[in-house]
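J.: Sharing a model that was predicted from the sequence below.
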Amino acid sequence: THTHTHTHTRPPFPMVWVCINKGGGVVGCGDNSHGQLGTGDIRSQTLPVHANLSTIEDGAVRTARSAGFHTLMLTHDKQGGGGRVEPGLLFGMGSNEFGQLGIGILGTNFYDVSQYDPGRDELDAVVQPTLVEVLPGFNITEIYVGLTASYVKLGQCPFQNIDACGVCMGDNTTCYGCDGIPGSNVVVDVCGVCGGDSSTCAGCDGVPFSGTVVDQCGVCGGNGTECVDCNGDLYGTAQLDVCGVCGGDDSTCKGCDGVPNSGKVFDRCEICGGMDASCLLVLRIMRGSSNKAGAIVAPMWSLLIASIVSALVWLRTSLYLSGD
């Protein structure tokens with residue numbers, strides 16, 4: 001386990017002095033117990049020494065401020081591409097016990113940021129200028145340093161740094177539609193189509209991703225049977241008749257009355273729906289004194305013949321009894 005602690009007695013007014021030379025370099029002397037001189041170590045200096053600006057691109061510092069235990073430095077603005085002005089960057093070094101450097105971490109141990117292990121270390125001494133990453137692009141006009149806190153003053157964004165969306169140092173994307181045109185407000189639909197109407201992935205029911213399709217009969221979400229006849233022919237015309245016969249003429253289940261499924265039939269008297277009663281004739285023939293009867297059942301067309309026969313029998317019997 002790495003352990004490297006230092007005990008310092010802070011003077012009531014830490015003595016440190018920094019200035020900027022003509023080339024933009026930083027020179028300082030005095031208390032360096034927390035690396036606030038930016039020399040890469042924590043040795044205090046009685047004579048002016050140059051800060052190590054190797055971590056600063058171009059090494060051109062515009063202004064520097066120190067409150068004894070930490071120092072902030074602001075670089076010069078630069079001319080960027082497309083006519084833009086790249087505002088100066090803010091760097092910090094020295095004590096970070098209270099997060100006053102704005103580098104996003106706190107600390108009590110002495111380590112160089114480049115050697116920082118977040119699983120092991122905390123930083124209280126940052127011995128090289130370290131970029132304050134949340135501020136690039138902001139137009140910083142002044143920096144203020146207290147014993148345990150830091151402040152910056154932001155100026156107006158240079159007009160040439162305002163993008164088409166009105167964003168300072170923007171990249172023209174915050175107001176772009178998916179078509180790449182600023183302010184078009186064209187968006188990607190639910191189907192993933194730029195400027196689409198969410199129809200390219202919709203089913204025939206109009207619902208995106210429903211998967212509903214038109215069947216062979218042209219019916220949305222159908223099962224393909226609405227245009228098939230009872231013979232199984234697509235767009236065929238055959239239909240079931242009332243008797244349940246495909247292509248039938250309703251005759252196979254008609255009764256004798258011509259009504260399908262009536263159940264009526266001809267009786268023995270040839271009457272449709274009859275009960276065999278309309279054509280029955282019962283003849284009783286008496287023989288001697290015995291009361292025996294014989295039944296003759298005949299259809300109506302034989303009624304006349306039966307009547308004649310009955311009359312002849314009666315006549316013969318009457319003659320016989322009278323002796324004539």
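T.: Everything's here; your move.
J.: make it CA atoms for all contacts and neighbour counts henceforth
T.: Noted.
J.: quick one: contacts for the spatially closest residue to residue 252 that is not a sequence neighbour?
T.: Sequence neighbours aside, residue 243 is the residue nearest to residue 252 in space, at 6.5 Å (criterion: CA to CA, 6 or more residues apart in numbering). Listed by CA atoms under 8 Å, 6 or more residues apart in numbering, the contact set of residue 243 reads 250, 251, 252, 253, 260, 261.
J.: Could you give the bridge partners of the fifth one?
T.: To tie it back to what came earlier, the one meant is residue 260. As for beta bridges, residue 260 partners with residue 254 under DSSP bridges.
J.: What residues does it make contact with?
T.: By CA under 8 Å, 6+ apart, residue 260 lies in contact with 242, 243, 250, 251, 252, 253, 254.
J.: coming back round to it: ok but the residue nearest to residue 252 is inside a strand, no?
T.: No - looking at residue 243 with DSSP: H, G, I helix; E, B strand; the rest coil, it is coil, so not inside a strand.
J.: now it: how far from residue 82?
T.: Distance of residue 243 to residue 82, given as CA to CA, to the nearest Å: 88 Å.
J.: out of the contacts of residue 243, which are buried?
T.: Listed as buried from the contacts of residue 243 are 250, 253, 260; burial here means 16 or more other CA atoms under 10 Å.
J.: tell me which of those is nearest to residue 103?
T.: Residue 103 has its nearest neighbour among the buried ones among the contacts of residue 243 in residue 250, at 93.9 Å by CA to CA.
J.: Could I get the contacting residues of that closest one?
T.: Neighbour list for residue 250: 241, 242, 243, 260 [criterion: CA under 8 Å, 6+ apart].
J.: Pop out the phi and psi values for residue 144.
T.: For residue 144, the backbone dihedrals are phi -130, psi 130 (criterion: degrees, to the nearest 10).
J.: What separation do you get for it and residue 160?
T.: Look at residue 144 and residue 160: by CA to CA, they are 27 Å apart.
J.: Low-confidence stretches in this protein?
T.: Along the chain, the model assigns pLDDT under 70 to residues 1-23, 58-59, 107-123, 136-137, 278-307, 309-311, 313-314, 316-324.
J.: any chance you could map the strands in the stretch 1-150 of the chain?
T.: With DSSP state E, counting those that start in this stretch as the criterion, the stretch 1-150 of the chain has strands at 16-20, 26-30, 45-50, 61-66, 70-75, 78-79, 85-86, 90-95, 109-110, 123-131, 140-145, 150-154.
J.: Throw the contacts of residue 250 into JSON lines and include distance to residue 99, thanks.
T.: Shown next, in JSON lines, are these (distance: CA to CA, whole Å):
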{"residue": "241", "distance to residue 99": "92"}
{"residue": "242", "distance to residue 99": "92"}
{"residue": "243", "distance to residue 99": "94"}
{"residue": "260", "distance to residue 99": "99"}
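J.: The spatially most central residue of the chain and residue 82, how far apart?
T.: Nearest to the mean C-alpha position of the chain, by CA atoms, centre = their mean, lies residue 190 at 7.6 Å. Separation of residue 190 from residue 82 (CA to CA) stands at 36 Å.
J.: just residue 241 next, same as before
T.: To residue 82, residue 241 is 84 Å away according to CA to CA.
J.: Check residue 195 too.
T.: Separation of residue 195 from residue 82 (CA to CA): 30 Å.
J.: quick one: which of the two has more around it?
T.: Between residue 195 and residue 82, counting by other CA atoms under 10 Å, residue 195 is the more crowded of the two (14 against 8).
J.: and the more buried one, what is it in contact with?
T.: Contacts for residue 195 (CA under 8 Å, 6+ apart) come out as 178, 179, 186, 187, 188, 189.
J.: Just the buried ones out of the residues you listed, please.
T.: Buried among the contacts of residue 195 (16+ other CA under 10 Å): 178, 186, 187, 188.
J.: Any chance of a markdown table for these, columns secondary structure and distance to residue 155?
T.: What follows is these, written out as a markdown table (DSSP: H, G, I helix; E, B strand; the rest coil; distance: CA to CA, whole Å):
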| residue | secondary structure | distance to residue 155 |
| --- | --- | --- |
| 178 | coil | 32 |
| 186 | coil | 33 |
| 187 | coil | 34 |
| 188 | strand | 37 |
